[in-house]
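In: I would like the atomic coordinates for the input below:
(chains A, B, C, D, E and F)
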Protein chains: 6
Amino acid sequence: MTTRADGRANDELRPITITRNWLDHAAGSVLIEFGRTRVLCAASASEGVPRWRKGSGLGWVTAEYAMLPASTNTRSDRESVKGRIGGRTHEISRLVGRSLRAVIDYQALGENTIQIDCDVLQADGGTRTASITGAYVALADAVAKLGVPKALTGSVAAVSVGIIDGVPRLDLPYEEDVRAETDMNIVMTGDGKFVEVQGTAEGAAFDRSELDALLALGEKGCADLTRRQQQALAQELPR
Amino acid sequence: MTTRADGRANDELRPITITRNWLDHAAGSVLIEFGRTRVLCAASASEGVPRWRKGSGLGWVTAEYAMLPASTNTRSDRESVKGRIGGRTHEISRLVGRSLRAVIDYQALGENTIQIDCDVLQADGGTRTASITGAYVALADAVAKLGVPKALTGSVAAVSVGIIDGVPRLDLPYEEDVRAETDMNIVMTGDGKFVEVQGTAEGAAFDRSELDALLALGEKGCADLTRRQQQALAQELPR
Amino acid sequence: MTTRADGRANDELRPITITRNWLDHAAGSVLIEFGRTRVLCAASASEGVPRWRKGSGLGWVTAEYAMLPASTNTRSDRESVKGRIGGRTHEISRLVGRSLRAVIDYQALGENTIQIDCDVLQADGGTRTASITGAYVALADAVAKLGVPKALTGSVAAVSVGIIDGVPRLDLPYEEDVRAETDMNIVMTGDGKFVEVQGTAEGAAFDRSELDALLALGEKGCADLTRRQQQALAQELPR
Amino acid sequence: MTTRADGRANDELRPITITRNWLDHAAGSVLIEFGRTRVLCAASASEGVPRWRKGSGLGWVTAEYAMLPASTNTRSDRESVKGRIGGRTHEISRLVGRSLRAVIDYQALGENTIQIDCDVLQADGGTRTASITGAYVALADAVAKLGVPKALTGSVAAVSVGIIDGVPRLDLPYEEDVRAETDMNIVMTGDGKFVEVQGTAEGAAFDRSELDALLALGEKGCADLTRRQQQALAQELPR
Amino acid sequence: MTTRADGRANDELRPITITRNWLDHAAGSVLIEFGRTRVLCAASASEGVPRWRKGSGLGWVTAEYAMLPASTNTRSDRESVKGRIGGRTHEISRLVGRSLRAVIDYQALGENTIQIDCDVLQADGGTRTASITGAYVALADAVAKLGVPKALTGSVAAVSVGIIDGVPRLDLPYEEDVRAETDMNIVMTGDGKFVEVQGTAEGAAFDRSELDALLALGEKGCADLTRRQQQALAQELPR
Amino acid sequence: MTTRADGRANDELRPITITRNWLDHAAGSVLIEFGRTRVLCAASASEGVPRWRKGSGLGWVTAEYAMLPASTNTRSDRESVKGRIGGRTHEISRLVGRSLRAVIDYQALGENTIQIDCDVLQADGGTRTASITGAYVALADAVAKLGVPKALTGSVAAVSVGIIDGVPRLDLPYEEDVRAETDMNIVMTGDGKFVEVQGTAEGAAFDRSELDALLALGEKGCADLTRRQQQALAQELPR
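Out: Residues are numbered from 1 along each chain as shown, chains lettered A, B, ... in the order given. Next comes the predicted model:
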């Protein structure tokens, strides 16, 4: 029987920690940890919307994702110093934004913009799924603070799944991620529907039964994360 | 019963045209058309590999995707003039590269690099799937010309599927794409395995049965496209 | 007696092909071929003018030129990827814009902007002269479509000339271009006046008699191209 | 008598917290807090030095400073998204680097590079002085881990001082900083010598006696901070 | 006794030349020379202020500093060609702007902007202090020309000081600058108050008595420069 | 009879001043004045050549042109601040480089690079022609200093000509330049051959007889400038 290096069952999440109100200035902010992966998620609210949306009565939500240079195993160069944002950063920023917009009622938000920032302080796999999961909680705090809780029509959480040595596993840390033959990120609403499904054959292509196994695992993981989000939000807001 | 604006059945591809050897200089080149979507795919070969791969005996394949300014309904600004590449462009370039690398035997390719360029001359939905499908044919011609046909371990094709007014449809043109509630791009090998699955809820989240219907439609579409690729490659190379 | 590799007389153009309406979206579009040089010229119209011209009642015409990476003998890097536009690209974009503006009546155009895009699909010498010659035809179709045919006060065409092995030649392909001692691009109106004259000594400086010979050759070439433009525009618009 | 909003004496530091080993990957890392100002300082070591120093047998230390978008009162745009680094960021990065290099013995460091990253997670005044003070501790842990503790010839700490309503004050939070007539940042070694003195008249120019008062206050503040650094480093390294 | 290479006393300035009205277009312009250091300072006036200041009734003064490529011992690359401005350039531009703003009455200036440009034509140490000293004279001419001489509340001048071989010296040329253990730039008003004090330990940290010696030397140098500025401005404006 | 605002005859140059050795560091340097147009030309020599030329035994000459912000009537933004070089700057830099390379014997130069910098201190029309004319003198001083005077095979000078109110005129200042119907820049060798001919119809297209008149005027102007260059170089080098 295959055992995971950290002793987890194949369908078990890493220890999840959600610390609300980690920052003083943002309308909502969360430090989320998936094991050793640590992401600071902030939701900053401002009046008004981008030009193309003015006068529509509708709000807007957008997101930016980035990694601190020392967050990775080997230090990464800063994108501000390189003067350009890489493809991976762009891709994840877009994914986070789309995922959160799936549960937004723009009418209820009114002509306000919420800017999500997900900054990875430490990376150990699953930074994009931790970002989405944490950003939802920051967003929930922000809309509450703005007095428009109805701007959220549901919740959203995300998890990674993959096949390692032929076995499907949930919530991959870095060392499993690099060994995965197939890697999938699944974003789901709190009521069990899919928002995003992104599966990639890293090594060999995968067949339909493998895909089905990964989807089932992702459904379980997102349901678990939804409960953690609910527990975190049920607590009285610290500070 | 729902009818499509162009009279197609829901599981039917648009007219597909694959013109090989459209360019004189590149090792392989294809003008591919999915209906009114028209993409010029070139595979340029050069000796040597990027620095991080030198001395490994292994080759490399990478891809860039771009749209001509006048390819879209309303003219788009040039990314060279803006001085930066947008997130969508980055994302698709990476997708095309990953998809093709799924069928490459780097050992057989030897220390050579093949650079794929997919330039959209006219856009009417499905530009990324046409790019992948066309780029495979250009790549096949390139490895043949290089004398290393074994560098390809299989074929790869891609198609978009989506749910419009509750009905799953294959190969969406622009006017369907913007109306789709859910949109999915599926990349498969010629022997029916998945390389990439990217589904996005544009409006409402989708459930597992909708996901299954889209996957089935994508499987059919990729199989059809694989046949078209084979037919195109079976013909004697023009010129 | 010197003979040209492609058997042409020294004062003879390469085979010229002008295909109108190559694109569906742009107000005017032309695929022009000077031998193996192939340029896609699009004229996109939009209401309004740049800020510095607002309220003047006058229109504006501007142009951008670019080469696809696989258009050249050896693949060229994308300027969007490099993050900056090279001097040659800038220079040619400015030349194309100036050349077309020479035959524009801004008053008749009204406060509309026409953006010309010349994208080189395949390069074999003379890409800037093919661009100007093709762009004029696209522009003519665009002003007709806009219902302001009087916005054009005449026609414009361009050709390259050069001295190879002491002999003046018309319309140089790449292999002649690199061997030319002197290289000149000539832009003329349909009624035989000069719009631009750009001559460069690539090797030795040239004297007045050589300059005169090149000018005469350019006058002939532009007159020939003017006839091809007229023939192309005389045909009923395809589609 | 003037009282400070947070009840501190004029020559008193804010509560200082130094948490070592906040990150798993960097050779040294510190989360330092000056009141609500919170900076993550990492010291990443790598073999080799920049090209201009190769073969010299000498090491190198360099630093980068940046603020997270949500660290400020009102969200700031990302410099990576803007595509360029602002003058203030450049200036502080250079200051941090110079300050740390003042206590480095390049010979003892050998041909290794230590890259300091100071990322402001929350800003409430004094981010550059907190960065220097925290980075020194991270650097001390890094050289210890590298086995070259002698690469540090002393310690370095920094503090801000300013004149508010005519009264010199130590360690200004944001609300005092914006009201200061004169603002000074002082960097000192652990044995009481100056490394950097940067004083700026924000409103009226200042005379020599005011300058002397600020220098005295800075000397006291740096001495206090030196003690905090020593206490932090005296503890056994967590984790 | 230590002697300086150019025979000056330790508290003596290099030969100072101030040529007003060196340019025809700018409202004020000065070619200033500190020995072989030669900086062209221009003050360009324009109506209006940056957006964030509109409607305030207050003016604005800002500055940019740059070095010509051939101004330095070994040619430096152009920052326009590199596509980004270096940290040192940013830092000095900001210093020059702050220094001049210290003597501006924004109310008296009215909603006008004065843009200072300091371009180093030849560099031999002290380019930032020559820039500030010369820019003040250009600014004085500009406000006189604008008819708002009261917009200047005083004068400002700057000088470098440093410790070389243990001896404090005034106004360092390049060859002394590179050898200095401690280097300080001092900006003062004409009535002897400090605007900026920037001291840096290049080699060993410096103690309070050394700092005091440098400050005294700077005070003397700025007083001397103030007299030169007054003499230059007392002359009738040439041309 | 038309008279010019400055009283010159139509075929007369503005007052030309050539000051050699204006800078201390560059191998050759010239301040050249065409009336109020003032350009600082520097020729910096360095050992070695660009990578693509290494080992060929041949040298290289390249040029950069730029305008100081306050050189123009209304202040222009810095290209370093904008982060990109404009088309006009690129175009002129390339023209200056090509013009000088026309009189270089790369073999005699050996594997050395000469970098020409032409910085416009004040602009009043003809900045590119003054740049070429001055840069030649700086280059002559540089090759003499390098001990390879034979690296120059001849001299080169440039002048602008144009048709204003139907009359051809030599060496246009700004106020004539903006009114010119046709504008031409002519670069010639000292022995009367053409290096570059660039004519542009600013308003109406021009016919062959107008072109001939402009060429004749340019030939005279370049011959006059050649004499001025010879006189300047005949003098003993100052300083």
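
In: which outside residues touch stretch A:226-235?
Out: With C-beta atoms under 8 Å, 6 or more residues apart in numbering or on different chains as the test, stretch A:226-235 has contacts from A:16, A:18, A:20, A:30, A:133, A:136-137, A:140-141, A:155, A:157, A:188, A:190. All C-beta spots, glycine's among them, are computed from the backbone N, C-alpha and C.

In: and the residue at minimal distance from the centre of chain A, its phi and psi?
Out: Central residue of chain A (C-alpha atoms, centre = their mean): A:I132, 1.7 Å from the mean position. The phi and psi values for A:I132, taken as degrees, to the nearest 10, are phi -70, psi -40.

In: re the thing from before, and chain B, which of the contacts of stretch A:226-235 contact it?
Out: Contacts with chain B within the contacts of stretch A:226-235, counted by C-beta under 8 Å from any C-beta of the partner chain: A:M188.

In: so where is chain A shaky, pLDDT-wise?
Out: Per-residue confidence for chain A (pLDDT under 70) gives these ranges: A:1-2, A:238-239.

In: quick check: angle from the helix ranked longest in chain A to helix B:208-234?
Out: Taking DSSP state H as the criterion, chain A has its longest helix at helix A:208-234. Relative orientation of helix A:208-234 versus helix B:208-234 (axes from the mean of the first three to the mean of the last three C-alpha atoms, to 10 degrees): 140 degrees.

In: buried stuff in helix A:208-234?
Out: Using 16 or more other C-beta atoms under 10 Å in any protein chain shown as the test for burial, helix A:208-234 gives A:210-211, A:213-215, A:217-222, A:224-226, A:228-229, A:232-233.

In: so what's the gap between it and the chain middle?
Out: Remark: helix A:208-234 is offset 13 Å from the chain centroid, using C-alpha atoms, centre = their mean, to the nearest Å.

In: hang on, the earlier thing: now render the contacts of stretch A:226-235 as CSV, adding secondary structure.
Out: CSV is the format used below for the contacts of stretch A:226-235 (DSSP: H, G, I helix; E, B strand; the rest coil):
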residue, secondary structure
A:I16, strand
A:I18, strand
A:R20, strand
A:V30, strand
A:T133, helix
A:Y136, helix
A:V137, helix
A:A140, helix
A:D141, helix
A:S155, coil
A:A157, strand
A:M188, strand
A:G190, coil
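
In: between the contacts of stretch A:226-235, which sits nearest chain F?
Out: Ranked by distance to chain F (C-beta to the nearest C-beta), these are led by A:V30 at 35.2 Å.

In: still on that earlier bit, and the residue nearest to the centre of chain A, what does it touch?
Out: Contacts for A:I132 were tallied using C-beta under 8 Å, 6+ apart; they are A:L95, A:V96, A:S99, A:L100, A:V156, A:A157, A:A158, A:V187.

In: need the nearest residue in space to it, chain neighbours excluded.
Out: Excluding the flanking residues, the one nearest A:I132 by C-beta to C-beta, 6 or more residues apart in numbering or on different chains is A:A158, at 3.9 Å.

In: chain A: helices as residue ranges?
Out: Counting by DSSP H, chain A has helices at residues A:79-82, A:87-101, A:106-109, A:127-146, A:174-177, A:208-234.

In: could those helices be laid out in TSV, adding distance to D:D77?
Out: Shown next, in TSV, are the helices of chain A (distance: least, C-beta to C-beta, whole Å):
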stretch	distance to D:D77
helix A:79-82	11
helix A:87-101	14
helix A:106-109	22
helix A:127-146	19
helix A:174-177	30
helix A:208-234	29
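
In: which one, of those, ends up nearest to B:R84?
Out: Among these, the nearest to B:R84 by C-beta to C-beta is helix A:87-101 (10.0 Å).

In: looking at it, A:V30 is touching A:A135, isn't it?
Out: Yes: at 7.5 Å, A:V30 counts as touching A:A135 under the criterion of C-beta atoms under 8 Å.

In: neighbours of A:T3, how many?
Out: Residues within reach of A:T3, counting by other C-beta atoms under 10 Å in any protein chain shown, total 9.

In: any idea how far A:P15 lies from chain B?
Out: Per C-beta to the nearest C-beta, to the nearest Å, A:P15 is found 28 Å from chain B.

In: verify the contact between that residue and A:G35 for me.
Out: Yes: the criterion here is C-beta under 8 Å, and A:P15 meets it with A:G35 at 6.0 Å.

In: neighbour count for these two, which is higher?
Out: Neighbours per residue (other C-beta under 10 Å) separate A:P15 from A:G35, with A:G35 holding more: 20 against 11.

In: which residues are in contact with the nearest residue to that one once chain neighbours are set aside?
Out: Spatially, and ignoring its direct neighbours in sequence, A:G35 is nearest to A:R14 (3.4 Å; C-beta to C-beta, 6+ apart). The contact partners of A:R14, by C-beta under 8 Å, 6+ apart, come to A:D6, A:R8, A:F34, A:G35, A:T37, A:G126, A:D171, A:P173.

In: please redo it, this time with the cut-off set to 6 Å
Out: By C-beta atoms under 6 Å, 6 or more residues apart in numbering or on different chains, the contact set of A:R14 is A:F34, A:G35, A:D171.

In: coming back round to it: among the helices of chain A, which is nearest D:S44?
Out: helix A:79-82 (14.2 Å).

In: can you list the helices and strands that the closest one packs against?
Out: The contact analysis (3 or more C-beta pairs under 6 Å, 6 or more residues apart in numbering or on different chains; DSSP states H and E) places helix A:79-82 against helix D:79-82.

In: again, only using 10 Å
Out: Helices and strands touching helix A:79-82, by 3 or more C-beta pairs under 10 Å, 6 or more residues apart in numbering or on different chains; DSSP states H and E, are strand A:60-67, strand D:60-67, helix D:79-82, helix D:87-101.

In: can I get those in a markdown table including mean neighbour count?
Out: Shown next, in a markdown table, are the helices and strands packed on helix A:79-82 (neighbours: other C-beta atoms under 10 Å in any protein chain shown):
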| stretch | mean neighbour count |
| --- | --- |
| strand A:60-67 | 23 |
| strand D:60-67 | 22 |
| helix D:79-82 | 17 |
| helix D:87-101 | 21 |
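
In: want to throw the ones you listed into CSV with distance to B:E64?
Out: Formatted as CSV, those follow (distance: least, C-beta to C-beta, whole Å):
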stretch, distance to B:E64
strand A:60-67, 23
strand D:60-67, 30
helix D:79-82, 21
helix D:87-101, 31
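
In: flag every buried residue along stretch A:3-18.
Out: By 16+ other C-beta under 10 Å, the buried positions in stretch A:3-18 come out as A:R4, A:R8, A:N10, A:E12, A:L13, A:R14, A:I16, A:I18.

In: of the residues you listed, closest to chain F?
Out: Closest approach between the buried residues of stretch A:3-18 and chain F, by C-beta to the nearest C-beta: A:I18, at 40.4 Å.

In: show me what that closest one is bridged to.
Out: Applying DSSP bridges to A:I18 gives these bridge partners: A:I32.

In: from chain C, how far off is it?
Out: For A:I18, the distance to chain C equals 39 Å [C-beta to the nearest C-beta].

In: now A:F34
Out: 34 Å.

In: which ones are touching that residue?
Out: A:13-17, A:124-127, A:129-131, A:133-134, A:159-160, A:171-173, A:225 (C-beta atoms under 10 Å, 6 or more residues apart in numbering or on different chains).

In: ok, now with 8 Å
Out: So A:F34 contacts A:L13, A:R14, A:I16, A:D124, A:G125, A:G126, A:T129, A:A130, A:T133, A:D171 (C-beta under 8 Å, 6+ apart).

In: most widely separated two among those residues?
Out: By the measure C-beta to C-beta, A:D124 and A:T133 form the most distant pair in the contacts of A:F34, at 15.0 Å.

In: looking at those two, which one has more neighbours?
Out: A:T133 (29 against 24).

In: that one and A:S155 touch, don't they?
Out: No: A:T133 is beyond contact range of A:S155, at 9.5 Å (criterion: C-beta under 8 Å).

In: for the residue of chain A found nearest chain F, grab the count of nearby residues.
Out: Relative to chain F, the nearest point of chain A is A:G83 (8.6 Å; C-beta to the nearest C-beta). Number of residues near A:G83 (other C-beta under 10 Å) recorded here: 19.
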